[in-house]
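Visitor: sequence and predicted model, in that order:
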Amino acid sequence: MNIISVGVNHKTAPIEIRERISLSEVQNKEFITGLISSGLAHEAMVISTCNRTELYVVPAMHEVSCEYLKEYLISFKDARKDVRPEHFFSRFYCGTARHIFEVASAIDSLVLGEGQILGQVKNAYRIAAEAQCAGILITRLCHTAFSVAKKVKTKTKIMEGAVSVSYAAVELAQKIFSNLSMKKVLLVGAGETGELAAKHMFQKNARNIVITNRTLSKAETLAEELGTNKVLPFESFKEHLHEFDIIITAVSTKEYVLSEADMHQSMIKRRLKPVIILDLGLPRNVDPDIGKLQNMFLKDIDALKHIIDKNLEKRSLELPKVQAIIDEELVGFGQWINTLKVRPTIVDLQSKFIEIKEKELERYRYKVSEEELQRMEHLTDRILKKILHHPIKMLKAPTDTTDSMPSRVDLVRNVFDLEEPNQSH
Amino acid sequence: MNNILLDNLPLLILNQLVSVFYLITTFLYGADFFRDRQFAQKYKQPFLALTVFTHVVYLGLLTSIEGYKINYSTVNLMTMVGLTLTITYLFIEFTTKSDKTGFFIISFAAGAQLISSILTTQISTVGHPFTGIGIGVHLIAAIFGFSAIAIAGLYSILYLLLFRQIEQNRFELLFQRLPNLEVLEKLTMHAVAFGFLFLSITLFAGMIEQKAYSETINLLEPKLVTLIIIWLLYGTGIFVKPIIGWDIKHMAYLFIFLFVFVTILIVLMTFFSPTFHGLTF
């Protein structure tokens, strides 16, 4: 029994190819159900996100190889013109397990340690399970992957630190102020960037967020969405600058919305209490000279990117720890796979001994009392358990070489005269 | 008077052990801060508690020989500085839940204890014991006052370093590991407040004790003048911020200066003056 995976991701193909081959939830279900119903696979699952479309398949026949599955997916998407097998990666057996562990723990992601991928893997498994395409192997593979991801999240720092500009802005604010709920935040601009930054601030307990925007209605909508309901008219917000500890600007303008003179006056009014200005606009919204004022922290996108770079660097230092966790789980998964190979032999062995026991006990059924028969049954059960303990343990034990497992199985089957195993899944 | 420690081997061993524990604790806090080592994260706090416990036991046994009276000597002064610094830090760590500044405080305490242990084996006498509650309060408050000054100075240094890193977009180790600027400011100001309180007690207890000995207070005595200047500067430090809004950055420079100044003063006093204020105890 083998498990193979083929797929297209950000490492193997450009975005046009990834877009062309990606599957919607409906297509995903249709695709894996087709593989199973046509008898090509025992089990199948597809992870399809914006950065990857990957198949995990337990083939039902030798013909179903990696190349076959690549062609099958390309045909399914009718993408022969754009997508070629060279755009795919291929993994087998433990390689497949390692790959999905790396995917679930977010070390295979475009942004190292991003937090969404685990949810996407869980969703892929849910689709496969609902379509009854996830059998014993894919179920075990996915649950081990979830456990790996959980361990990685709790035991390493791979997901720590901001990796987006808006989150980096919040991280920086938290390095200056201890409690954002006590600080007053001004958001200049209610566009997408500003909204994201305001939402991150809100997540970190900043509740006193005031929004100003050229179009007042947009500011009001965002304020309502955040639940702050505080807006300032764009024409007069500068009169209130001294009230704010954090100012976020994200407007599309060629002129500075804050000048050095504005902030100088504001700093005098607030008796030099520290202020952080996060200029998320491009071109910049704030006069760079403001940064020279005392107790003023002015940070633009470039400065925030420094934080992101440092965080990514820090995350990459965690990779050996993540790999160690994956290696450990991979050994456990490999051992479990091995027990799958010996499971028919164990079942046959136990059945054979139970059959012997029952036959022998049957001979005494009418010669002894019911109570004595129960005692004899109990005794034989204990004897059988002890006799079978060592052979089963030996069969389940980890193997050092690839060929020792079949030889063990053959040995046990010959010694106990077991019939040839059924080759079915 | 003979050296109590040199005549008492178990006590001498305990003295050296305290230094070793300080070094281990410093190493653990350093390994956690600079290298983010998991073992250090796990063991640093138990070792800190063990170090404080051993130190208290050591001081208890040491003073028990003289009827629980502390002696005035460089050896004892340094070991007391080490202990009070560590206890103050322990208090800060438990109340603020911030354990990332330990290396900077404990390494200083370890230095003081190390000097004490080294001097123990080199100085033949350990000084004269103090008698009276007043002088005891005076000395203990002075040592706690110095610890607070040291902590305020050290936190001020950390504040300025972090401030610089943020200002210059150098988001490096200190940015990643230190508590935020506001917390460092609070820690500094709390230390200053404690320092001012203990220095006030030192002055007050000293004056009462001097009156009790029916000695006239020489207001021009350099040590007294220095102490009063430091006390005034600390008092100004506490009230200047809320009153005239002097920013913490400037105050940090003042606290660093005071810390360096007081440290030099104590070193000079302990090495070149066998007694305080010309009094013989």
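Guide: Yep, that arrived.

Visitor: residues of the stretch 1-150 of chain B that sit close to chain A?
Guide: Residues of the stretch 1-150 of chain B lying near chain A by CB under 8 Å from any CB of the partner chain: none. For the C-beta atoms, the positions are set from N, CA and C on the backbone; glycine is no exception.

Visitor: contacts only, for the residue in chain B sticking out farthest from the centre.
Guide: Within chain B, the residue lying farthest from the chain centre (CA atoms, centre = their mean) is residue B:169, at 33.2 Å. Counting by CB atoms under 8 Å, 6 or more residues apart in numbering or on different chains, residue B:169 touches A:299, A:303, A:306.

Visitor: and the top helix by length along chain B, what's buried?
Guide: The longest helix of chain B (DSSP state H) is helix B:133-167. Within helix B:133-167, the residues scored as buried using 16 or more other CB atoms under 10 Å in any protein chain shown are B:134-160, B:162-163, B:165-166.

Visitor: check stretch A:206-218 too.
Guide: Result for stretch A:206-218 [16+ other CB under 10 Å]: buried residues A:206-214, A:216, A:218.

Visitor: for burial, what's the neighbour tally of residue A:27?
Guide: When neighbours are defined as other CB atoms under 10 Å in any protein chain shown, residue A:27 has 14 of them.

Visitor: which residues touch the helix or strand containing it?
Guide: Per DSSP states H and E, residue A:27 falls inside helix A:25-37. Residues outside helix A:25-37 that contact it (CB under 8 Å, 6+ apart): A:23, A:41-46, A:48, A:57, A:72-73, A:76, A:124, A:127-128, A:130-133.

Visitor: show the buried residues in these.
Guide: A:23, A:41-46, A:48, A:57, A:72-73, A:124, A:127-128, A:131, A:133.

Visitor: before we move on, what's the pLDDT of the residue nearest to the spatial centre of chain A?
Guide: Note on chain A: the residue nearest the mean C-alpha position is residue A:118, at 2.1 Å, using CA atoms, centre = their mean. pLDDT for residue A:118: 94.

Visitor: in terms of helices and strands, where is it?
Guide: Using DSSP H and E, residue A:118 falls within helix A:117-130.

Visitor: and the very next helix or strand once past that helix with helix A:117-130, angle?
Guide: As assigned by DSSP H and E, the chain's next helix or strand after helix A:117-130 is helix A:136-155. For helix A:136-155 against helix A:117-130, the angle by axes from the mean of the first three to the mean of the last three CA atoms, to 10 degrees is 160 degrees.

Visitor: what is the next helix-or-strand element following helix A:136-155 packed up against?
Guide: Reading on from helix A:136-155 to the C-terminus, the next helix or strand found by DSSP H and E is helix A:165-176. Judged by 3 or more CB pairs under 8 Å, 6 or more residues apart in numbering or on different chains; DSSP states H and E, helix A:165-176 is in contact with helix A:192-203, strand A:275-279, strand A:296-300, helix A:301-316, helix B:133-167, helix B:181-212.

Visitor: doesn't residue A:376 make contact with residue A:364?
Guide: Yes: counting by CB atoms under 8 Å, residue A:364 touches residue A:376, with 6.6 Å between them.

Visitor: who has more neighbours out of these two?
Guide: A side-by-side neighbour count of residue A:364 and residue A:376, using other CB under 10 Å, places residue A:376 first with 16 against 12.

Visitor: does the more buried one count as helix, strand or coil?
Guide: In three-state terms, and counting by DSSP: H, G, I helix; E, B strand; the rest coil, residue A:376 is helix.

Visitor: got the contact list for it?
Guide: A:361, A:364, A:368.

Visitor: and the second one, what does it touch?
Guide: When contacts are counted by CB under 8 Å, 6+ apart, residue A:364 touches A:373, A:376.

Visitor: could you do the last one as well?
Guide: Applying CB under 8 Å, 6+ apart, one finds that residue A:368 lies in contact with residue A:376.

Visitor: one step back: now render the helices and strands packed on helix A:165-176 as CSV, adding mean pLDDT and distance to residue B:28.
Guide: Putting the helices and strands packed on helix A:165-176 into CSV (pLDDT from 0 to 100; distance: least, CB to CB, whole Å) gives the following:
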stretch, mean pLDDT, distance to residue B:28
helix A:192-203, 89, 34
strand A:275-279, 94, 34
strand A:296-300, 93, 33
helix A:301-316, 91, 22
helix B:133-167, 89, 18
helix B:181-212, 87, 21
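
Visitor: a markdown table for the ones you listed, including distance to residue A:334?
Guide: Shown next, in a markdown table, are these (distance: least, CB to CB, whole Å):
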| stretch | distance to residue A:334 |
| --- | --- |
| helix A:192-203 | 41 |
| strand A:275-279 | 49 |
| strand A:296-300 | 49 |
| helix A:301-316 | 27 |
| helix B:133-167 | 46 |
| helix B:181-212 | 48 |
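
Visitor: between the ones you listed, which one is closest to residue B:38.
Guide: helix A:301-316 (15.5 Å; CB to CB).

Visitor: ranking helices and strands of chain A by mean pLDDT, which lands last?
Guide: Using mean pLDDT, DSSP states H and E, helix A:404-415 stands out as the lowest-scoring helix or strand of chain A, at a mean of 79.

Visitor: which helices and strands does that helix pack with?
Guide: helix A:319-364, helix A:370-396.

Visitor: nearest to residue B:250, of the contacts of residue A:376?
Guide: residue A:361 (94.3 Å).

Visitor: and that closest one, what does it touch?
Guide: Applying CB under 8 Å, 6+ apart, the residues contacting residue A:361 are A:373, A:376-377, A:380.

Visitor: how many neighbours does the residue of chain A found nearest chain B have?
Guide: Nearest residue of chain A to chain B: residue A:271, at 3.4 Å (CB to the nearest CB). Using other CB under 10 Å, residue A:271 has 14 neighbouring residues.

Visitor: buried ones in the helix or strand following the longest helix of chain B?
Guide: Heading C-terminal from helix B:133-167, the first helix or strand you meet, by DSSP H and E, is helix B:173-177. Neighbour-count burial for helix B:173-177, counted by 16+ other CB under 10 Å, picks out B:174-176.

Visitor: pLDDT on helix B:173-177, on average?
Guide: Per-residue scores along helix B:173-177 average to 89.

Visitor: counting by contacts, list what it packs against.
Guide: With contacts defined as 3+ CB pairs under 8 Å, 6+ apart, helix B:173-177 has these neighbours: helix A:301-316, helix B:9-35, helix B:133-167.

Visitor: swap in 10 Å and give it another go.
Guide: If contacts are counted by 3 or more CB pairs under 10 Å, 6 or more residues apart in numbering or on different chains; DSSP states H and E, helix B:173-177 sits against helix A:165-176, helix A:301-316, helix B:9-35, helix B:133-167.
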